[in-house]
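K.L.:
Structure for this input, please:
(2 chains)
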Amino acid sequence: MCHPTSPFPFRLSRSNLTTMTTPDTLTLNSWQVIAATDEIPVGSITRTTLLDTPLALTRDRDGVPVVWRCTDEEPGDEIDPETILDRLPVTTGYGFVWTSLGTPPKELFSITEYAEPDRVNMSCGSIGIHVSAPRAVENFLDMGHFPYVHTDILGAEPHTEVKEYDVEVSEERDEVLATRCRFFQPRAALSATDGMEVEYVYRVPHPYCSVLYKSSPEAPERRDVIAIFLQPVSEDRCRAHLLQSMIDSTSTITELRRFQQTIFGQDKPILENQYPKRLPLDPRSETPIRADKSAIAYRRWLSQKGVTYGVIPAAG
Amino acid sequence: MTLSLSDSTWYPIASSDDLPFRHVYQGQLLGRELAVWRADDGNVNVWENRCLHRGVRLSIGINEGGELKCQYHGWRYANRSAGCTYIPAHPADAPARRIQNRTYPVREAFGLVWSAANDDQAFQPFPGAETGDWFPLRPIPVNAAPEDVLAGLIGLAPDDQPADILPGLAVRLGHAHYFVQPVDSGRAVIRGVLAGQPEDAIAILRHYNETLTKLRDRLERAARKKPAPAPLEPAFEKVSVDLATMPDIAIPRGNTTTVVVKRKWTSADGVIGFELAPREGHLPTFQPGAHIDLHLPNGLIRQYSITNGPGDLLSYIIGVKAESASKGGSKILVESVREGDLLSISEPRNNFPLRRDAVRTVLIAGGIGITPLLSMARFLDKSRLPYELHYFTRVGEQVAFRADLESLHGKVILHTGLARTEIGQTISQALGEWSHAQHVYVCGPSAMLESVRVTAATQGWPEESIHFEYFKNDKVIDDSSTFEVELARSAMTLQIPAGKTIMEVMREAGLSVPSSCEQGACGTCLTGVIEGECDHQDVYLNDSEKRANTAILTCVSRAKSARLVLDI
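P.N.:
Okay, here's the model as predicted:
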């Protein structure tokens, strides 16, 4: 059973009452991330939820992921993937498994750096967050919270200024692009003793995914890549899957993972205290400032694309 | 009875004990979440539990004593008004737009904190409340519909002593008054007060806790057997249109408030303090460095800095110098305005914003110039940010606001009666060599401003780290340009020759144009610009307002373009 009945009498809380909505066509027909490939067991079942739909997944002996709509499978059940006939489309990319409940495009958006041979590519874990996927994307794009939420790591009071930066929606690639984003960081690298200004570039190539580029301390002409892929579990819940593609010959994978998990561990409680949990697209629902240019562009882009899942669409 | 989101009844939402200083309490009433906090002045604030910026709960924010600071981006909101005073992402800007959180009415009485969904009803305590001495009981939350909870309380009454049902989900049972706080359609809190102070408070509290806990268990058992009522669904109000767009520079103007001169006193020889209070409620939010325009009985308008600290909105305190050379501005205030008089003031404007992102802040005041810097010091003090305040007074001149300065915790240094060269040396030492994120703010006589600017520049301070404010326009006005002005609403085109101001030409053409200082300092003649490029020569608009090119002071400013279209 995918929905075990609780042995305790329970009362409906507000989140249980949230009506399930049919995802918009774009969301339905897009690739959506569901798990880190190497965390899926071979020959036995694990489960997850995508767009309110329970899914079962496993890998065959060759390591190829198989995903299907869950009926009465239990996690840990042994399974012969050959017996699964009604499968959902699957692709792998950037160390993760992606599926779709509709008809997905041929290819996933590109992160060209990932293929460079000297990079350390790693998934940094998956964190459940009780907020919509677009809220989490917006938080990833936001620099203003660094001194308050990631104190002494990505920022520190009193260095709170968000300087002017550029935002565009690239028509060619259909993605939001923020460039020249600069922020003063007290300790931008482990070796740094003085604070320095760090420059970022952000891309939003998918309504629920964002990619961040920052100059690499080891090779200043190249850029480290940190990406967040959000799995829309329901309209107000998501799982954040993190990718790092670094030029770093000294840090261990454990250290690099711990760093990203610390950062997201700091974001989680803030995001879970955000209301409403779905991202409101009506410009009059919140109060933007100049520092929020990228968020405004992202909201408009979602509106124009007709994304309605995980957002509160603007009326009219 | 069904609960309504617009129910205007006052309900208790917290015990006074729930609100120690520097704490934020999360309350709930009629389905709405509330951030409830006590400021250092004792005032209790009940706000919608949501920062207007990105919707994060304010109950996880930080109570700084006079302001509440959001955890997500550090936005600060003032005690009483809930107006935003600081946006750290843009530390050099004063938040020009009026960003104000939703507030709810509040009263603290009988050991309880009361609130209501709206202002429709005046606070009416239960019968006999005002004369009694009340002992608050501990609250008991109940997962049951508020009306069922009330019925349960009524049922506690013995047969021979029926309950006295009061308006607003309240009931009296002998010595106890009970109030049901409707948290939501299926949740309530029983709050109560007893008449008189018991001898053994612990025993009494235990007795009532036991009785009410039994009642709660009964009510919750019954509630579980019923279908859960649909929760109330309060909507978040939309922000105003001007807040929804990316901020263009809005120049507030026109709105005045009538204030009463509550107190007038001699703060120092030649400096008169005025306390200006609203006739009811509180005054508008201001930021450190802000000033008000004071409309004087003789029609003149003069600017005075607010000296107050964060969230201090019950009155504004200003300092006025009784100058012998005064042109009738300060003079009339000092000589003829008395306690109890009514005056008209503008909304606070800020051309002297304080950045709160400095590692070192140097405040330099000369004479009456202490007023905006006192406010700045108070804000920095409350947030425990480092600062040094140097206050220069002349020989024989006294220190104004001495008691206020003494209560500050930062480094306050008084320099009295120094010779000119000594002042220069002292300023040089106070400034030191510049390094990243150091800022200096100076207010005082023109000579002192100049001295600080020159000294700072030679010691490596970049221009954007030196902040000062003019109240007088000492600049030489360049009136050599000629251009054309089209008055859009008056359907009139005027030629402005060299040597004449736009205002003069407009008056000659028969238009009535309000003005006061006519030197580009007071803002009375501010006019909207529709087209063309302004040649700003005033000291009223701040740099970003000037850059925005949306308004002009017609008494001194001119056009860089050949043609200017004004909204008049």
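K.L.:
would you put the C-alpha positions of the biggest helix by length in chain A in PDB?
P.N.:
Criterion DSSP state H: the longest helix present in chain A is helix A:253-271. This file holds the C-alpha atoms of helix A:253-271, laid out as PDB (Å, rounded to 0.1, in the frame of the first residue of the first chain):
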ATOM      1  CA  ILE A 253      33.800  14.600  -1.100                       C
ATOM      2  CA  THR A 254      32.500  14.300   2.500                       C
ATOM      3  CA  GLU A 255      33.700  17.900   3.200                       C
ATOM      4  CA  LEU A 256      32.100  19.300   0.100                       C
ATOM      5  CA  ARG A 257      28.900  17.500   0.800                       C
ATOM      6  CA  ARG A 258      28.800  18.600   4.400                       C
ATOM      7  CA  PHE A 259      29.200  22.200   3.300                       C
ATOM      8  CA  GLN A 260      26.200  22.100   0.900                       C
ATOM      9  CA  GLN A 261      24.100  20.200   3.500                       C
ATOM     10  CA  THR A 262      24.900  22.900   6.100                       C
ATOM     11  CA  ILE A 263      23.800  25.600   3.700                       C
ATOM     12  CA  PHE A 264      20.500  23.800   2.900                       C
ATOM     13  CA  GLY A 265      20.000  22.900   6.500                       C
ATOM     14  CA  GLN A 266      20.000  26.700   7.200                       C
ATOM     15  CA  ASP A 267      17.600  27.500   4.400                       C
ATOM     16  CA  LYS A 268      15.100  24.800   5.300                       C
ATOM     17  CA  PRO A 269      13.600  26.300   8.500                       C
ATOM     18  CA  ILE A 270      13.200  29.700   6.800                       C
ATOM     19  CA  LEU A 271      11.500  28.200   3.700                       C
END
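K.L.:
which strands and helices sit next to it?
P.N.:
Using 3 or more CB pairs under 8 Å, 6 or more residues apart in numbering or on different chains; DSSP states H and E as the contact test, the elements touching helix A:253-271 are strand A:120-129, helix A:133-141, helix A:146-149, strand A:237-246. C-beta: built from backbone N, CA, C; applies to glycine.
K.L.:
List the contacts of it.
P.N.:
Contact partners of helix A:253-271, identified using CB atoms under 8 Å, 6 or more residues apart in numbering or on different chains, comprise A:120, A:122, A:124-125, A:127, A:129-131, A:135-136, A:139, A:145, A:149-150, A:153-154, A:226, A:240, A:242, A:244, A:246, A:248, B:56, B:60, B:71-72.
K.L.:
any idea how far chain A is from the nearest residue to B:Pro462 once chain neighbours are set aside?
P.N.:
In this structure, B:Pro462 finds its nearest non-sequential neighbour in B:Trp434, 7.1 Å apart by CB to CB, 6 or more residues apart in numbering or on different chains. Here B:Trp434 is placed at a distance of 16 Å from chain A (CB to the nearest CB, to the nearest Å).
K.L.:
Quick check: closest non-adjacent residue to residue 205.
P.N.:
No chain in the question, so chain A it is. Here the nearest residue to A:Pro205 in space, its sequence neighbours aside, is A:Phe109; by CB to CB, 6+ apart that works out to 3.8 Å.
K.L.:
Sorry, I should have been clearer: chain B.
P.N.:
Nearest one to B:Leu205, counting by CB to CB, 6+ apart, is B:Arg138 at 5.8 Å.
K.L.:
my guess is the one you found is in a strand, correct?
P.N.:
No: per DSSP: H, G, I helix; E, B strand; the rest coil, B:Arg138 lies outside any strand segment and is coil.
K.L.:
and it, what is it in contact with?
P.N.:
The contact partners of B:Arg138, by CB under 8 Å, 6+ apart, come to B:Ser15, B:Leu205, B:Tyr208, B:Asn209.
K.L.:
tell me the contacts of the closest residue to chain A within the stretch 401-550 of chain B?
P.N.:
Closest residue of the stretch 401-550 of chain B to chain A, CB to the nearest CB: B:Ala437 (6.5 Å). Residues in contact with B:Ala437 (CB under 8 Å, 6+ apart) are A:Pro158, A:His159, B:Asp357, B:Ala358, B:Val359, B:Arg360.
K.L.:
so how far is B:Glu469 from it?
P.N.:
Going from B:Ala437 to B:Glu469 by CB to CB, to the nearest Å gives 21 Å.
K.L.:
that older thread, mean confidence for the following helix or strand past the longest helix of chain A?
P.N.:
Counting by DSSP states H and E, the element after helix A:253-271 in chain order, helix or strand, is strand A:279-280. On average, the pLDDT along strand A:279-280 is 96.
K.L.:
Output the contacting helices and strands for strand A:279-280.
P.N.:
Judged by 3+ CB pairs under 8 Å, 6+ apart, the packing partners of strand A:279-280 are helix A:133-141, strand A:311-312.
K.L.:
Poorly predicted segments of the stretch 251-400 of chain B, please.
P.N.:
Residues of the stretch 251-400 of chain B that meet the criterion pLDDT under 70 lie in B:251-254, B:324-329.
K.L.:
residues from it in reach of chain A?
P.N.:
The stretch 251-400 of chain B has residues B:Arg356, B:Asp357, B:Ala358, B:Val359, B:Leu385 near chain A, with proximity defined as CB under 8 Å from any CB of the partner chain.
K.L.:
again, only using 6 Å
P.N.:
B:Asp357, B:Ala358 (CB under 6 Å from any CB of the partner chain).
K.L.:
from the stretch 251-400 of chain B, which residue is nearest to chain A?
P.N.:
Ranked by CB to the nearest CB, the top residue of the stretch 251-400 of chain B for proximity to chain A is B:Asp357, at 4.0 Å.
K.L.:
for the residue in the stretch 1-150 of chain A that chain B sits nearest to, phi and psi?
P.N.:
Closest residue of the stretch 1-150 of chain A to chain B, CB to the nearest CB: A:Gly144 (4.1 Å). With angles defined as degrees, to the nearest 10, A:Gly144 sits at phi -60, psi -20.
K.L.:
Okay, and the closest residue to it other than its chain neighbours sits in which element?
P.N.:
Sequence neighbours aside, B:Ala89 is the residue nearest to A:Gly144 in space, at 4.1 Å (criterion: CB to CB, 6+ apart). B:Ala89 is part of no helix or strand when elements are defined by DSSP H and E.
K.L.:
Give me the pLDDT value at B:Ala89.
P.N.:
For B:Ala89, pLDDT reads 93.
K.L.:
One more: B:Asn49?
P.N.:
97.
K.L.:
cool, the one 5 residues further on as well?
P.N.:
B:Arg54 is assigned a predicted lDDT (pLDDT) of 95.
K.L.:
need the contact list for it.
P.N.:
Contacts here follow CB atoms under 6 Å, 6 or more residues apart in numbering or on different chains; on that basis B:Arg54 touches B:Tyr72.
K.L.:
Just confirm it is within a strand.
P.N.:
No: using three-state DSSP, the assignment for B:Arg54 is coil, not a strand.
K.L.:
Can you report phi and psi for it?
P.N.:
Dihedral angles (degrees, to the nearest 10) for B:Arg54: phi -130, psi 20.
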